[in-house]
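1. Sequence and predicted model, in that order:
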Amino acid sequence: MCGIVGAVSQRNIVPILLEGLKRLEYRGYDSCGVAVHQGGGLKRARSTSRVAELQAQADQDGIASGTGIAHTRWATHGAPAVHNAHPHFSAGPAGSAEAVGQSVGRVALVHNGIIENHDELRAELKARGYQFASQTDTEVIAHLVDHYYNGDLLEAVQQALPRLKGAYAVAVFCRDEPHRVVAAREGSPLVLGVGEGHGENFVASDAMALAGVTDQIVYLEEGDVVDLQLGRYWISRLDAQTGRYAAVQRPVKTVHAHSGAAELGPYRHYMQKEIFEQPTAIANTLEAITGISPELFGDGAYRVFKDVDKVLILACGTSYYSGSTAKYWLESIARIPTSVEIASEYRYRDSVPDPKTLVVTISQSGETADTIAALKHARAQGMPHTLTICNVATSAMVRECELAYITRAGAEIGVASTKAFTTQLVGLFLLTLALAQTRGQLSEADEAQHLKDLRHLPVAVQAVLALEPQVIAWSEEFARKENALFLGRGLHYPIALEGALKLKEISYIHAEAYPAGELKHGPLALVTAEMPVVTVAPNDALLEKLKSNMQEVRARGGQLYVFADGDTAIESEPGLHVIRMPEHYGALSPILHVVPLQLLAYHTACARGTDVDKPRNLAKSVTVE
Ligand code: F6R
């Protein structure tokens with residue numbers, strides 16, 4: 001993943017670069033760094049702490065300049081250590097003409113992505129005399145640009161890029177050209193921010209990093225190279241026919257990006273705040289809905305919905321679980337065959353394409369590399385109808401898809417997804433109803449009832465949030481465990497999966513979820529008094545079956561923690577702990593049942609003292625494969 005910011009200006013841009021980095025920490029936060037052109041050379045500060053520490057270091061070292069680049073890292077090649085943190089510097093090979101009389105550092109470079117042929121390039125550059133100071137794939141790009149440098153940074157970058165295999169966004173500057181930054185993208189996001197004074201121009205991984213600095217944004221396309229100088233910029237790309245770079249024009253858009261800098265208010269963490277924002281996020285997502293119609297998903301949706309007879313959902317992580325939940329709705333309510341695939345698997349699978357498929361991607365960020373690649377793969381296979389449920393209107397995913405439903409969860413800062421998940425479910429339920437309507441499966445009375453239920457959701461979620469004190473009591477028990485099982489059936493099996501994912505990613509407790517009927521086919525062997533078994537047990541058609549599965553756990557001494565409906569005859573007793581949900585909610589019940597699981601994960605993580613909003617090894621936006 002990683003986040004990039006770069007700038008050329010007549011004023012000191014270090015505060016802007018560092019503020020941009022803070023807003024990009026969702027892309028990775030295991031180390032960070034900034035490099036500037038200063039005193040005729042390159043100067044940098046790097047840290048394995050957070051941006052606040054980097055800022056203190058930069059202040060102490062007097063780092064200030066009008067030209068610079070900065071980076072927040074999510075380690076792929078090389079451990080999260082200072083020597084692997086970006087920006088990387090390159091010097092001419094020892095003893096070469098360029099190196100004579102130079103202090104170390106001619107080219108400074110930051111990178112987001114993965115260079116697949118880095119080993120081969122490293123060997124080549126080592127043979128040319130380059131010394132490597134890190135284990136990163138990035139450092140090879142810095143040396144490669146240095147190798148091609150002959151007085152013109154743009155030319156050097158243009159020569160280096162075709163040598164790279166993989167995905168990247170890079171930003172680079174050179175000691176010998178003080179007012180110039182060159183940046184490029186291929187497979188990783190990058191925007192150009194057109195400055196509004198001081199002759200300045202910017203690049204960044206997203207527009208949010210530049211909020212308050214400029215709202216004039218150019219979304220660079222795959223293969224674009226941008227040359228930033230004082231008061232001008234120039235975009236070029238390789239022309240496959242001539243084999244030369246040629247100028248291209250890209251539209252400048254006014255983007256009112258939010259800085260993402262939300263206040264915590266009374267909450268301890270963003271995750272807790274975001275869990276409690278769910279009633280509002282759901283209400284906002286439903287705000288413009290006055291009735292069900294395909295056009296909620298964009299112009300031309302009716303024609304597309306009429307033309308499809310199956311749905312293929314592609315997503316990752318939590319978004320995959322919202323898709324897995326929607327499969328139950330789409331099949332039972334809209335009567336449309338639906339498959340759900342993990343994007344990173346689908347893109348490499350030899351599947352059988354059907355042009356009458358509606359390809360639905362689900363993504364909070366709209367930038368997840370695996371999901372975007374899976375979408376492109378589906379389209380390349382001859383499935384032209386694409387729709388996304390996404391939380392970021394300006395994202396690559398929305399730009400790539402024919403149709404879209406934008407959830408209005410607002411910026412989600414905690415790495416563990418919460419309000420994005422529940423609003424995705426709302427969007428997917430609306431999609432179910434719109435498809436059902438197009439297919440003649442939705443009576444007016446059913447439509448009215450579903451809309452009524454949807455509109456009641458914010459109040460219903462609010463009532464579930466009131467269960468927090470009971471969940472806290474459970475979390476104190478969970479904090480002492482190292483393993484947990486989650487059970488659900490039917491529509492609530494994906495909710496059990498999501499509960500297990502939440503617990504493992506922020507509390508580091510090993511958690512797995514099973515459809516409860518599977519227990520006796522293997523996982524029951526794990527059940528002891530040390531194994532808490534969380535059971536999502538709404539009062540639905542599968543409840544009696546689920547109760548039998550719970551007996552199987554009790555008989556082996558397992559500790560059951562059950563979320564049951566008010567009218568269910570499941571009573572607390574030794575080894576069986578029950579929290580009653582405020583109301584039974586029919587088809588929309590998954591949206592309510594996930595909330596106490598989010599709270600359980602959150603409070604367990606707090607009790608274990610983990611970094612809840614920035615769990616180890618993770619990043620908010622996963623823009624590498
Ligand atoms: C888990 C989580 C991740 C994301 C996944 C996909 O809490 O947030 O599993 O759901 O990385 O991200 P998006 O939805 O941005 O495509």
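-> Cool, the structure landed. Just so it is clear, the structure is predicted and the values come from calculations on it, not from any experiment.
2. Nearest to the ligand: which residue in the protein?
-> The shortest separation between the chain and the ligand is 1.9 Å, found at Gly317 (distances taken as Cβ to the nearest ligand atom). In short, each C-beta sits where N, CA and C put it, glycine included.
3. The residue lying closest to Gln272 once chain neighbours are set aside is in what secondary structure piece?
-> Nearest in space to Gln272, with sequence neighbours left out and distances taken as Cβ to Cβ, 6 or more residues apart in numbering, is Tyr602 at 5.8 Å. Secondary structure assigned from DSSP states H and E places Tyr602 in helix 589-608.
4. Now that helix: buried residues?
-> 589-608 (16 or more other Cβ atoms under 10 Å).
5. Following the chain onward from the host helix or strand of Ala281, which element is next?
-> With secondary structure defined by DSSP H and E, Ala281 is part of helix 278-286. The C-terminal neighbour of helix 278-286 among helices and strands, as given by DSSP H and E, is helix 301-307.
6. And that next one, what does it pack against?
-> Judged by 3 or more Cβ pairs under 8 Å, 6 or more residues apart in numbering; DSSP states H and E, helix 301-307 is in contact with helix 419-438.
7. Quick one: list the elements packing against the worst-scoring helix or strand of the chain on mean pLDDT.
-> Comparing every helix and strand of the chain by mean pLDDT, DSSP states H and E singles out helix 543-555 as the least confident one, with a mean of 84. On a contact count with 3+ Cβ pairs under 8 Å, 6+ apart, helix 543-555 meets strand 483-488, strand 532-537, strand 559-565.
8. would JSON lines of those strands with distance to Thr338 be doable?
-> As requested, the helices and strands packed on helix 543-555 are arranged in JSON lines below (distance: least, Cβ to Cβ, whole Å):
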{"stretch": "strand 483-488", "distance to Thr338": "19"}
{"stretch": "strand 532-537", "distance to Thr338": "21"}
{"stretch": "strand 559-565", "distance to Thr338": "26"}
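9. Minimum distance to Leu457: which of those has it?
-> With respect to Leu457, and counting by Cβ to Cβ, the nearest of these is strand 559-565 at 16.4 Å.
10. Can you give the strand pairings for that closest one, parallel or anti for each?
-> Partners of strand 559-565 in the sheet, by DSSP bridges, are strand 532-537 (parallel), strand 576-581 (parallel).
11. Quickly check: stretch 200-212 near the ligand or not.
-> No. Stretch 200-212 lies out of reach of the ligand by Cβ under 6 Å from any ligand atom, never closer than 12.3 Å.
12. Kindly report the same for stretch 612-625.
-> Yes. With Cβ under 6 Å from any ligand atom as the criterion, the ligand is reached by stretch 612-625 at Ser621, Val622.
13. Only C-alpha atoms, please: export that stretch in CSV.
-> Written as CSV, here are the backbone C-alpha positions of stretch 612-625 (Å, rounded to 0.1, in the frame of the first residue of the first chain):
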residue,chain,number,x,y,z
VAL,A,612,-7.2,-0.5,18.1
ASP,A,613,-7.3,2.0,15.2
LYS,A,614,-4.0,0.9,13.7
PRO,A,615,-3.6,-2.9,14.4
ARG,A,616,-0.2,-4.3,13.7
ASN,A,617,0.7,-5.3,10.1
LEU,A,618,-2.5,-3.9,8.6
ALA,A,619,-3.4,-0.9,6.6
LYS,A,620,-6.8,0.7,5.8
SER,A,621,-6.5,0.7,2.0
VAL,A,622,-4.9,-2.3,0.4
THR,A,623,-3.6,-1.0,-2.9
VAL,A,624,-1.0,-3.8,-3.6
GLU,A,625,-1.8,-7.3,-4.7
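14. Can you mark which positions in it are buried?
-> For stretch 612-625, a neighbour-count test (16+ other Cβ under 10 Å) marks Val612, Asp613, Lys614, Pro615, Leu618, Ala619, Lys620, Ser621, Val622, Thr623, Val624 as buried.
15. what does the stretch 401-550 of the chain put close to the ligand?
-> Residues of the stretch 401-550 of the chain lying close to the ligand by Cβ under 6 Å from any ligand atom are Ala416, Ser417, Leu501, Glu505.
16. wait, the chain
-> Remark: the part of the chain in contact with the ligand comprises 316-319, 363-365, 368, 371, 416-417, 501, 505, 621-622, using Cβ under 6 Å from any ligand atom.
17. for those residues, which one is nearest Gly40?
-> Taking Cβ to Cβ as the measure, Gly40 lies nearest Ser621 of the residues of the chain next to the ligand, at 36.7 Å.
18. Which residue is the nearest non-sequential neighbour of the closest one?
-> Distances taken as Cβ to Cβ, 6+ apart put Ser365 closest to Ser621, at 4.3 Å, once the chain neighbours are dropped.
19. what sits up against stretch 326-340?
-> 308-313, 315, 320, 323-324, 425, 428-429, 431-433, 435-436, 439, 441-442, 490-491, 587 (Cβ atoms under 8 Å, 6 or more residues apart in numbering).
20. Drop anything exposed from those residues.
-> Of the members of the contacts of stretch 326-340, the ones counted as buried by neighbours, 16+ other Cβ under 10 Å, are 308, 311-313, 315, 320, 323-324, 425, 428-429, 431-433, 435-436, 441-442, 490-491, 587.
21. so what's Trp234 closest to, chain neighbours aside?
-> Once flanking residues are discounted, Trp234 sits nearest to Asp227: 4.5 Å by Cβ to Cβ, 6+ apart.
22. what are the bridge partners for that neighbour, then?
-> Per DSSP bridges, the residues bridged to Asp227 are Val182, Trp234.
23. which stretches of the protein have low pLDDT?
-> Residues of the chain that meet the criterion pLDDT under 70 lie in 1, 94-104, 258-262.
24. circling back: so the residue nearest to Ser621: helix, strand or coil?
-> Classification of Ser365 by DSSP: H, G, I helix; E, B strand; the rest coil places it in coil.
25. burial measure for the nearest residue to Glu498 once chain neighbours are set aside, as a count.
-> If the residues on either side of it in the chain are set aside, Glu498 comes closest to Tyr321, at 4.3 Å by Cβ to Cβ, 6+ apart. Close neighbours of Tyr321, defined as other Cβ atoms under 10 Å, add up to 29.
26. and the helix or strand containing Tyr321, which residues are buried?
-> Here Tyr321 is covered by helix 317-332, with elements defined by DSSP H and E. Of the residues in helix 317-332, 317-330 count as buried by neighbour count, 16+ other Cβ under 10 Å.
27. and that helix with helix 419-438, angle?
-> If you take axes from the mean of the first three to the mean of the last three Cα atoms, to 10 degrees, helix 317-332 sits at 20 degrees to helix 419-438.
28. Give the partner strands of the very next helix or strand once past helix 317-332 in its sheet and their orientations.
-> Counting by DSSP H and E, the next helix or strand C-terminal to helix 317-332 is strand 338-342. When pairing is defined by DSSP bridges, strand 338-342 lines up against strand 310-315 (parallel).
29. what's the offset of the partner strand from the middle of its chain?
-> Strand 310-315 has its average C-alpha position 19 Å from the chain's average C-alpha position, going by Cα atoms, centre = their mean, to the nearest Å.
30. Give me the distance from the lengthiest helix in the chain to the chain's centre.
-> The residue-count maximum for a helix in the chain (DSSP state H) belongs to helix 444-465. In terms of Cα atoms, centre = their mean, the centre of helix 444-465 is set 28 Å apart from its chain centre.
31. By neighbour count, which bits of it are buried? Give me those.
-> Applying a neighbour-count criterion of 16+ other Cβ under 10 Å, one finds Glu447, His450, Leu451, Leu454, Leu457, Pro458, Ala460, Val461, Gln462, Val464, Leu465 buried in helix 444-465.
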